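In: Sequence plus the predicted model coming up.
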2 protein chains.
Amino acid sequence: MASPPRARSTRDRPAKPPLSEDGILDVAMLILREEGLEAVTMRRLAGELDTGPASLYVYISGRDELRNAMLDRVAGMVELETPDPAQWRAQLHRLMHGLLAAMVAHPGIATVAVANPPTTERSLLAAENMLALLRAGGVTDRDAGWACDILPLITTASAVEAAVHQQRGQEESDGDFVQRLVQAFAALPPARFPNLTALAPEMTSGDGDERFRFAIDVFLDGLVARAKA
Amino acid sequence: MASPPRARSTRDRPAKPPLSEDGILDVAMLILREEGLEAVTMRRLAGELDTGPASLYVYISGRDELRNAMLDRVAGMVELETPDPAQWRAQLHRLMHGLLAAMVAHPGIATVAVANPPTTERSLLAAENMLALLRAGGVTDRDAGWACDILPLITTASAVEAAVHQQRGQEESDGDFVQRLVQAFAALPPARFPNLTALAPEMTSGDGDERFRFAIDVFLDGLVARAKA
DNA sequence: ACCTGAACACCGTTCAAGT
DNA sequence: ACCTGAACACCGTTCAAGT
């Protein structure tokens, strides 16, 4: 009944044990990427590792730590920028878009980020990088300090929305959805919704990336305007 | 399609009134306010209403609909503004802060809002109001259309953060937490974190409301700067 | 016809018992 | 001493059965 270990083949997955925090996280990231956060449960993870759920607690204190560790790995994928005052805005855009993309590629992880902004070394390095870029752009210290709270906040919230939008796109064609939305706006009583009906095209134009770029752009415009004033 | 209450339909609220969507939501809102979203489960709700969980499904299609309905009630608490071009910015601040406050008062509901931006009549009226205020401020149509996506996004994300911060404040004094944070920043190696260590005071100053006001302010500054350009 | 008890298929976490 | 089977206390949702 106990099947003898088969001869090693090249596409053999690393043999079952031994468990480790890194090994558990590897599997968790795989499930996260392919099936989203909801699918990453302690029990599913244990099953995937051919063990009981209790065994995971030797290496990871619980679900919350697991989620934070996954978030940290995602944050670690973002490439940092070497500040260049001549192109600080473009660099800031790249940095934030990198964070957005990394999160969108790991559906659901953004909800972890909004709930508990991480303080790991990796995310502190990202914050450090943002501060450097903002200062390179001539933003005041106080504005830079506060902005480096708000920029990730906009980014993570955008990532949640993008992930939801993307998921809906799997169920229903994206064009269909937008069209339904436009029609919904158009169908509103113009007397009570004069602006919404008038701006229906503007409300529904642009994709996620364009709208995210807009959000960051407007925010940076605001910071620049203050620096000048 | 709820059948009308049989005879003697007084406004008393005794042990076991007939179930209804409104009645279920009343209880849900109470639990939400006092214990947060996590505590609002179908089974808890059923228990509170002296019935089995299956009975709720006669009136509410499931947990997701319940959550959206709660969110809608929260959104309905926000007072709308009658647009006055002379003070459109103050009005926009009040509107967004009203939304923030309503969400913070119902811990966890903001996470529902980030995940699925609502399209109920109430939230459409809020969007309509925002558009009116933005246009009163001279913001272009396209910017207004996109901004009325971003402003609630900033608001709901801020609400999630505020709720978490508030919850942590119950476990540990708020001042202690800030002080720990400042020390954590100061303890970082200055060679790798020159900006973070230098700006530690700015990073940790201000409370949630001040930072939220800053976020909206900067964003509006950006919109105004674009309108002028 | 309407309502719901009981069941199904899951969770996260703990701890006594086995090795 | 280390690991884990089994249990505990929960979930959301369904549907056959009872009224």
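Out: Cool, the structure landed.
In: Is the residue nearest the centre of chain A in a helix, a strand, or coil?
Out: The structure's chain A has its C-alpha centroid closest to A:Met103; by C-alpha atoms, centre = their mean the separation is 2.2 Å. Here A:Met103 is helix, with the state taken from DSSP: H, G, I helix; E, B strand; the rest coil.
In: Was I right to think it contacts A:Thr156?
Out: Yes - between A:Met103 and A:Thr156 there is a contact under C-beta atoms under 8 Å: 6.7 Å. No exception for glycine: its C-beta is placed from N, CA and C like everyone else's.
In: Need the residues touching each of the two.
Out: Common contacts of A:Met103 and A:Thr156, defined by C-beta atoms under 8 Å, 6 or more residues apart in numbering or on different chains, comprise A:Ala110, A:Ala113.
In: helices or strands next to the lengthiest helix in chain A in the packing?
Out: Using DSSP state H, we find that the single longest helix of chain A is helix A:141-171. In this structure, helix A:141-171 packs against helix A:88-104, helix A:109-115, helix A:121-136, helix A:208-228, helix B:109-115, helix B:141-171, helix B:200-204, helix B:208-228, with contacts taken as 3 or more C-beta pairs under 8 Å, 6 or more residues apart in numbering or on different chains; DSSP states H and E.
In: could you redo these as a markdown table and give each row distance to DNA strand D?
Out: Written out in a markdown table, the entries for these read as follows (distance: least, C-beta to the nearest atom of the strand, whole Å):
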| stretch | distance to DNA strand D |
| --- | --- |
| helix A:88-104 | 25 |
| helix A:109-115 | 17 |
| helix A:121-136 | 27 |
| helix A:208-228 | 27 |
| helix B:109-115 | 13 |
| helix B:141-171 | 19 |
| helix B:200-204 | 37 |
| helix B:208-228 | 29 |
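In: Any chance of those helices in CSV with distance to B:Ala39 and mean pLDDT as columns?
Out: Rendered in CSV, the data for the helices and strands packed on helix A:141-171 read as follows (distance: least, C-beta to C-beta, whole Å; pLDDT from 0 to 100):
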stretch, distance to B:Ala39, mean pLDDT
helix A:88-104, 28, 98
helix A:109-115, 16, 94
helix A:121-136, 30, 96
helix A:208-228, 33, 97
helix B:109-115, 12, 94
helix B:141-171, 13, 91
helix B:200-204, 31, 92
helix B:208-228, 23, 97
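In: okay if I get those as TSV plus distance to A:Ala39?
Out: Formatted as TSV, the helices and strands packed on helix A:141-171 follow (distance: least, C-beta to C-beta, whole Å):
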stretch	distance to A:Ala39
helix A:88-104	17
helix A:109-115	12
helix A:121-136	24
helix A:208-228	23
helix B:109-115	16
helix B:141-171	22
helix B:200-204	36
helix B:208-228	33
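In: got a list of contacts for stretch A:186-200?
Out: Residues beyond stretch A:186-200 that count as contacts (C-beta under 8 Å, 6+ apart) turn out to be A:182, A:185, A:203, B:124-125, B:127-128, B:131-132, B:135, B:141, B:144-145.
In: same thing but at 6 Å, please
Out: Among residues not part of stretch A:186-200, those counted as contacts by C-beta atoms under 6 Å, 6 or more residues apart in numbering or on different chains are A:Val182, A:Phe185, B:Glu128, B:Leu131, B:Ala132, B:Asp141, B:Gly145.
In: hmm, which of these are the buried ones?
Out: Among the contacts of stretch A:186-200, those that count as buried by neighbour count (16 or more other C-beta atoms under 10 Å in any protein chain shown) are A:Phe185, B:Glu128, B:Leu131, B:Ala132, B:Asp141, B:Gly145.
In: Can you name the residues of chain A that neighbour chain B?
Out: Contacts of chain A with chain B, taken as C-beta under 6 Å from any C-beta of the partner chain, map to A:114-115, A:128, A:131-132, A:141-142, A:145-146, A:150, A:153, A:157, A:160, A:164, A:193, A:195-196, A:199, A:202-203, A:211, A:214-215, A:218-219, A:221-223, A:225.
In: Could I have the CA atoms of stretch A:61-78 written out in PDB?
Out: Once side chains and other backbone atoms are set aside, the C-alpha atoms of stretch A:61-78 remain, and they are given as PDB (Å, rounded to 0.1, in the frame of the first residue of the first chain):
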ATOM      1  CA  SER A  61       2.100  31.500  13.600                       C
ATOM      2  CA  GLY A  62      -1.200  31.600  11.700                       C
ATOM      3  CA  ARG A  63      -3.100  32.900   8.800                       C
ATOM      4  CA  ASP A  64      -2.400  36.600   9.400                       C
ATOM      5  CA  GLU A  65       1.300  36.100   9.400                       C
ATOM      6  CA  LEU A  66       1.100  34.000   6.300                       C
ATOM      7  CA  ARG A  67      -0.800  36.800   4.500                       C
ATOM      8  CA  ASN A  68       1.700  39.400   5.600                       C
ATOM      9  CA  ALA A  69       4.500  37.200   4.400                       C
ATOM     10  CA  MET A  70       2.900  36.800   1.000                       C
ATOM     11  CA  LEU A  71       2.300  40.600   0.800                       C
ATOM     12  CA  ASP A  72       6.000  41.100   1.600                       C
ATOM     13  CA  ARG A  73       7.000  38.800  -1.200                       C
ATOM     14  CA  VAL A  74       4.800  40.700  -3.600                       C
ATOM     15  CA  ALA A  75       6.300  44.000  -2.400                       C
ATOM     16  CA  GLY A  76       9.700  42.600  -2.900                       C
ATOM     17  CA  MET A  77       9.000  42.200  -6.600                       C
ATOM     18  CA  VAL A  78       8.800  45.900  -7.200                       C
END
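In: ok, it near DNA strand D or not?
Out: No - on the criterion C-beta under 7 Å from any atom of the strand, stretch A:61-78 is out of touch with DNA strand D, staying 12.7 Å away.
In: Would you indicate which residues of that stretch are buried?
Out: Neighbour counts over stretch A:61-78 (16+ other C-beta under 10 Å) mark A:Leu66, A:Arg67, A:Asn68, A:Ala69, A:Met70, A:Leu71, A:Asp72, A:Arg73, A:Val74, A:Ala75, A:Val78 as buried.
In: Sort out for me which of those are in helices.
Out: For those, the ones inside helices are A:Leu66, A:Arg67, A:Asn68, A:Ala69, A:Met70, A:Leu71, A:Asp72, A:Arg73, A:Val74, A:Ala75, with DSSP H as the criterion.
In: Relative to A:Ala46, which of those residues is nearest.
Out: Nearest to A:Ala46 among those is A:Leu66, at 11.7 Å by C-beta to C-beta.
In: Contacts only, for that closest one.
Out: Taking C-beta under 6 Å, 6+ apart as the definition of contact, the neighbours of A:Leu66 are A:Ile60.
In: Check the gap between it and B:Gln167 for me.
Out: Separation of A:Leu66 from B:Gln167 (C-beta to C-beta, to the nearest Å): 20 Å.
In: And A:His165, by the same measure?
Out: Here the distance between A:His165 and B:Gln167 works out to 29 Å (C-beta to C-beta).
In: who's more crowded, these two?
Out: Neighbours per residue, other C-beta atoms under 10 Å in any protein chain shown: of A:His165 and B:Gln167, the larger number sits with A:His165, 15 against 12.
In: The nearest residue to the more buried one once chain neighbours are set aside: how many residues sit nearby?
Out: By the measure of C-beta to C-beta, 6 or more residues apart in numbering or on different chains, the closest residue to A:His165 outside its immediate chain neighbours is A:Gly208, 6.2 Å from it. One way to gauge burial is a neighbour count; for A:Gly208, by other C-beta under 10 Å, it gives 16.
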